[in-house]
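Student: How does the following fold in three dimensions:
(one chain, ligands or ions: 1)
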Amino acid sequence: MPPLTYANYLDLEKLLTLQNPRSTPAEHDEMLFIIIHQTYELWFKQLLHEFEKIETDFSAGRLFDAIHSFKRARTIMKTLVGQIDILETMTPSSFSSFRDRLDTASGFQSIQFRELEFLLGYKRASTMSYTNPEMPGYDRLRRRLKERTVIDHFYDFLTTRGVAIPEKLRERDITQPNEPNEEIQAGLLRLYRESPEVSILFELMTDFDEGLQEWRYRHIKLVERTIGAKKGTGGSPGVPFLKQSLFNPIFPDLWAIRLQM
Ligand code: HEM
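Tutor: Prediction:
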């Protein structure tokens, strides 16, 4: 057996043949467009990996492990936001030169982004209609819709810290989005006051949440400056559709309590 090399370990030969611009003659910026999206998908994969671990940590009451992983997830999120700067170096006319080649392809159909939303408790079953069973990962997405979310596992963690979880949250329909709850908020406030180490976790969760909203905002501005009021290639009205999710927090309870702190 030849010794393992950098290229073999990373399967680079395969990876570097996966960037295939569709414009002929090739438009210079299409390469950037492909690489940016592929990079996002890799980071989405890593985030899913981290949040699966966080769920296990939460249910086992492992505070410091969850803190460690949230720190990483927050840092990845900052990178995701920062990457938008690179794509914003592409002018609207440059994008127009190959946009038609995208046909109906759209970020709308990113299975992993939707998985992330479902995993985090932002479940919109209607978004399944932008995908179809032929798409790779579709079954995984369907499964996620029917699984407990990071927030449901967070309730397990809160239980280990003496917060009573209301019955209606324990027995909730897990295909629906998680909703804010005043009893949970009272528990969070108590923990903020009594457990400084737990408050570190809460702040990291809030950082991540703010980061995701920041990404949504930057994506909307990117879309606005690149295609203006045009419809999306995925068939949505474009910017007005994206604005619906703009200020929706993932952990609304952590935001609601700030009034009382
Ligand atoms: C020139 C750059 C871009 C344009 C013009 C653009 C445009 C759009 C539009 C119009 C939508 C609404 C759905 C539709 O009708 O197509 C959308 C959704 C989406 N885009 Fe982009 N996008 C761009 C870059 C990106 C990048 C770099 C990513 C990174 C993964 C991305 C991920 C997404 C996701 C995940 C959605 C679904 C959002 C949701 O359902 O809330 N987009 N995009």
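Student: State the helix or strand in which G82 lies.
Tutor: Here G82, judged by DSSP states H and E, is contained in helix 63-87.
Student: Can you mark which positions in that helix are buried?
Tutor: Residues of helix 63-87 classed as buried by neighbour count (16 or more other Cβ atoms under 10 Å): 63, 66-70, 72-74, 76-77, 80-81, 83-84, 87. C-beta coordinates here come from the backbone N, C-alpha and C atoms, glycine included.
Student: Among those, which one sits closest to the ligand?
Tutor: Closest approach between the buried residues of helix 63-87 and the ligand, by Cβ to the nearest ligand atom: L87, at 5.4 Å.
Student: hang on, the earlier thing: I'd like to know if whichever helix or strand comes after the helix holding G82 reaches the ligand anywhere along the stretch.
Tutor: As assigned by DSSP H and E, the chain's next helix or strand after helix 63-87 is helix 92-99. Yes: remark: helix 92-99 sits within contact range of the ligand at F95, by Cβ under 6 Å from any ligand atom.
Student: So which residues on the stretch 151-261 of the chain come close to the ligand?
Tutor: Residues of the stretch 151-261 of the chain found near the ligand (Cβ under 6 Å from any ligand atom) are 219, 222-223, 226-227, 232-236, 238, 241-242, 245.
Student: One more pass at 8 Å, please.
Tutor: Contact residues, the stretch 151-261 of the chain versus the ligand (Cβ under 8 Å from any ligand atom): 216, 219, 222-223, 226-227, 230-239, 241-242, 244-245.
Student: can you map out the helices along the stretch 101-250 of the chain?
Tutor: Secondary structure of the stretch 101-250 of the chain by DSSP state H, counting those that start in this stretch: the helices cover 111-119, 138-145, 150-160, 167-170, 182-194, 196-227, 239-243.
Student: what residues does the fifth one touch?
Tutor: Where contact means Cβ atoms under 8 Å, 6 or more residues apart in numbering, the residues beyond helix 182-194 that reach it are 155, 158, 161-166, 169, 198-199, 202, 253-254, 256-257, 260-261.
Student: What values do phi and psi take at N132?
Tutor: phi -150, psi 160 (degrees, to the nearest 10).
Student: so what's it closest to, chain neighbours aside?
Tutor: In space, N132 comes closest to Y138 once its chain neighbours are excluded; the distance is 6.8 Å by Cβ to Cβ, 6 or more residues apart in numbering.
Student: isn't that neighbour right up against R114?
Tutor: No: taking contacts as Cβ atoms under 8 Å, Y138 lies outside contact range of R114: 10.1 Å.
Student: Could you tell me which residues touch both of these two?
Tutor: Residues touching both Y138 and R114 by Cβ under 8 Å, 6+ apart: T131.
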